[in-house]
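Trainee: Below are the sequence and a predicted model; questions follow.
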Amino acid sequence: MGPSIATLVFALGVAGLFLLDRDQSVQTSKALWIPVFWVLIAGSRPVSMWLSSGPSRGLTNADQYLDGNPLDRFVFSGLLLVGLVVLARRKALVGRILQRNPAIILFFIYCLFSVLWSDYTDVSFKRWVKALSDLVMVLIVLTEADPLVATKRLLARVGFVLIPASVLLIKYYPALGRVYNIWTWTPSYVGVTDHKNTLGMIVMVLAIGFLWRFLLAYKDQEDPKRTKRLIVHGSLILMSVWLFMQAQSMTGQATFALGAVFLIATSLAFVVRKRALVQMLVLTLVAVPACTLLLGIGGGALEEMGKDATLTGRTDIWRLVLNMAGNPFFGTGFESFWLGSRANRMWAMYYFHPTQAHNGYLEVYLELGWIGIILLAAIIFAGYRNALAMMRTNPEAGRIKMVFIAAALVYNVTEAGFRMMTLTWIFLLLSATVVPEVAAETASDTLAEQTEPTFETWHRQPTRQPVSNFARR
């Protein structure tokens with residue numbers, strides 16, 4: 001099959017996925033497309049890179065990393081501006097959500113203050129604005145008439161494009177879907193992203209969403225579109241498995257496997273009813289990989305995952321960056337560690353020009369110090385408590401929130417996923433944000449009036465919202 005025919009098949013296939021998963025019985029506002037476009041860019045490449053010939057590998061000096069791109073700034077600024085307009089119309093709901101999430105507010109305020117002690121204040125501030133945009137997109141989703149429906153559609157609209165597109169680029173457009181090692185000329189499969197580990201991350205996040213939807217459809221015997229939904233999400237899971245095999249991103253694969261165990265286990269009613277059992281399951285899923293990777297517990301587990309004792313050189317990077325760390329309490333400033341002399345030194349030592357420490361917790365420490373670590377822990381703890389409580393009142397919403405939180409904890413052991421415009425960070429924020437209970441109007445009334453909206457909470461009782469309705473959405 002030639003590239004032209006493959007592209008036509010891809011377009012028809014994507015259209016078919018949207019058609020099979022379509023449900024006119026529920027509605028979301030057109031504003032949901034704003035976070036969809038944002039996540040599409042965050043999960044692939046900047047617009048400027050798409051307009052070039054392929055994944056960029058041309059930077060030779062870290063100072064070039066400071067410049068950014070005017071086209072990308074225009075696109076990001078436009079999406080942020082439109083997003084803020086939407087939130088201004090939903091200010092009452094936004095205010096209620098922010099009141100319930102002081103840890104998130106404090107974290108972003110502290111990140112803003114940390115700009116003051118950055119060596120590159122202007123660059124740090126621009127990146128903080130971009131990070132704030134992540135929160136804006138999350139708030140748009142959570143202030144929809146039904147946040148759970150909005151989350152499902154966000155995952156679908158993004159996943160139905162990025163996963164098939166990655167398959168298409170890898171197989172039929174190697175100049176776009178692959179990069180090559182400059183020393184061995186061996187290929188690395190990147191799909192719609194610019195690095196194999198980034199591909200592993202987006203596949204991990206989206207595949208968790210596909211499996212969640214697959215299990216919902218499987219349980220809903222009364223849904224007339226049950227078979228279609230099983231075909232849609234089952235086929236996307238198979239594509240995701242193929243992409244995992246191509247990318248060879250062990251962190252993404254292992255995190256998805258752990259998330260799958262949690263989703264399958266919590267689909268059993270007796271597990272959900274036992275709060276202690278859910279907590280033990282989460283603790284086990286997080287602790288086992290952390291101990292295996294960081295403490296070497298588990299015998300040959302690292303070798304089975306294709307990792308050596310240094311985690312493919314990660315431990316060497318950790319030692320080097322710790323020696324270059326700034327103030328232990330305040331760090332070097334938001335998104336400032338990998339700039340200037342520190343980045344030049346690391347780039348001189350490593351041909352692949354690292355821009356992260358390959359550990360999310362260490363990355364936060366380097367840039368925000370122990371204060372940043374504490375505030376991040378507060379966000380995660382609040383989100384975990386909320387998801388755990390929701391496992392009883394609304395198991396389907398609670399389990400997807402819990403699995404995204406747990407996945408972020410595991411993924412950040414060997415990759416930096418607590419960073420702006422990464423899918424792990426965006427979906428962690430989406431899952432950890434506490435949505436207060438609000439007396440809701442129907443979604444159709446909200447969308448029709450287009451005034452200050454109200455929304456149905458994630459906290460619905462299962463007796464009022466049967467599983468079949470969740471699956472259809």
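Mentor: Nice, thanks for sending it over.
Trainee: So which residues of the stretch 351-473 of the chain form helices?
Mentor: Ranges of helices within the stretch 351-473 of the chain are 360-393, 395-411, 423-432, 443-449, 467-472, based on DSSP state H, counting those that start in this stretch.
Trainee: Among the ones you listed, which comes closest to residue 252?
Mentor: helix 395-411 (7.5 Å; Cβ to Cβ). Backbone N, C-alpha and C define where each C-beta goes, glycine included.
Trainee: which other helices and strands contact that closest one?
Mentor: helix 147-172, helix 196-219, helix 250-266, helix 275-290, helix 360-393, helix 423-432 (3 or more Cβ pairs under 8 Å, 6 or more residues apart in numbering; DSSP states H and E).
Trainee: Indicate which one of those helices is closest to residue 320.
Mentor: Evaluated with Cβ to Cβ, the helices and strands packed on helix 395-411 place helix 360-393 nearest to residue 320, the distance being 11.2 Å.
Trainee: Buried ones in the closest one, by neighbour count?
Mentor: 360-369, 371-373, 375-376, 378-380, 382-384, 386-388, 390-391 (16 or more other Cβ atoms under 10 Å).
Trainee: go on, stretch 113-126?
Mentor: Neighbour-count burial for stretch 113-126 [16+ other Cβ under 10 Å]: 114, 115, 117, 118, 120, 123, 124, 125, 126.
Trainee: Residues in contact with it: which ones?
Mentor: The contact list for stretch 113-126 (Cβ atoms under 8 Å, 6 or more residues apart in numbering) reads 66, 68, 73, 112, 128, 327, 330-336, 339-340, 367-368, 372.
Trainee: what's the farthest-apart pair in the buried residues of stretch 113-126?
Mentor: The widest separation within those (Cβ to Cβ) is 16.3 Å, between 117 and 126.
Trainee: Look up how far residue 374 lies from the residue nearest in space to the middle of the chain.
Mentor: Closest to where the C-alpha atoms of the chain average out (Cα atoms, centre = their mean) is residue 423, at 2.0 Å. From residue 423 across to residue 374, the span is 24 Å (Cβ to Cβ, to the nearest Å).
Trainee: starting at the chain centroid, how far to whatever helix or strand residue 107 lives in?
Mentor: For residue 107, the element it lies in under DSSP states H and E is helix 102-114. On the basis of Cα atoms, centre = their mean, to the nearest Å, helix 102-114 sits 20 Å off its chain's mean C-alpha point.
Trainee: mean confidence score for stretch 315-328?
Mentor: Across stretch 315-328, the average pLDDT comes to 88.
Trainee: Could you list the residues in contact with it?
Mentor: Residues outside stretch 315-328 that contact it (Cβ under 8 Å, 6+ apart): 117, 309-310, 331-332, 337, 342, 345-346, 349-350, 354, 357-359, 362, 365-366, 369-370.
Trainee: For PyMOL, write the select line for the buried members of those.
Mentor: Buried members of these, defined by 16+ other Cβ under 10 Å, are picked up in PyMOL with:
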select buried, resi 117+331+332+337+342+346+354+357+358+359+362+365+366+369
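Trainee: Inside strands: which ones of the contacts of stretch 315-328?
Mentor: Assigned to strands by DSSP state E, none of these qualify.
Trainee: Now do the helix holding residue 107 against helix 360-393, angle only.
Mentor: Taking axes from the mean of the first three to the mean of the last three Cα atoms, to 10 degrees, helix 102-114 and helix 360-393 form an angle of 160 degrees between their directions.
Trainee: Could you check how far the following helix or strand past helix 102-114 is from the centre of its chain?
Mentor: With elements assigned by DSSP H and E, the helix or strand that comes after helix 102-114 is helix 121-142. Relative to its chain's centre, helix 121-142 lies at 15 Å (Cα atoms, centre = their mean).
Trainee: now helix 121-142: mean pLDDT?
Mentor: The model assigns helix 121-142 a mean pLDDT of 95.
Trainee: count of residues packed around residue 93?
Mentor: Counted by other Cβ atoms under 10 Å, the residues lying close to residue 93 total 21.
Trainee: what helices or strands is the stretch of helix or strand it belongs to leaning on?
Mentor: Element membership for residue 93 (DSSP H and E) is helix 91-99. The contact analysis (3+ Cβ pairs under 8 Å, 6+ apart) places helix 91-99 against helix 121-142.
Trainee: Tell me what angle the helix it packs on forms with helix 360-393.
Mentor: Going by the same axes, to 10 degrees, helix 121-142 makes 10 degrees with helix 360-393.
Trainee: List the buried residues in helix 121-142.
Mentor: Residues of helix 121-142 classed as buried: 123-128, 130-142 (neighbour count, 16+ other Cβ under 10 Å).
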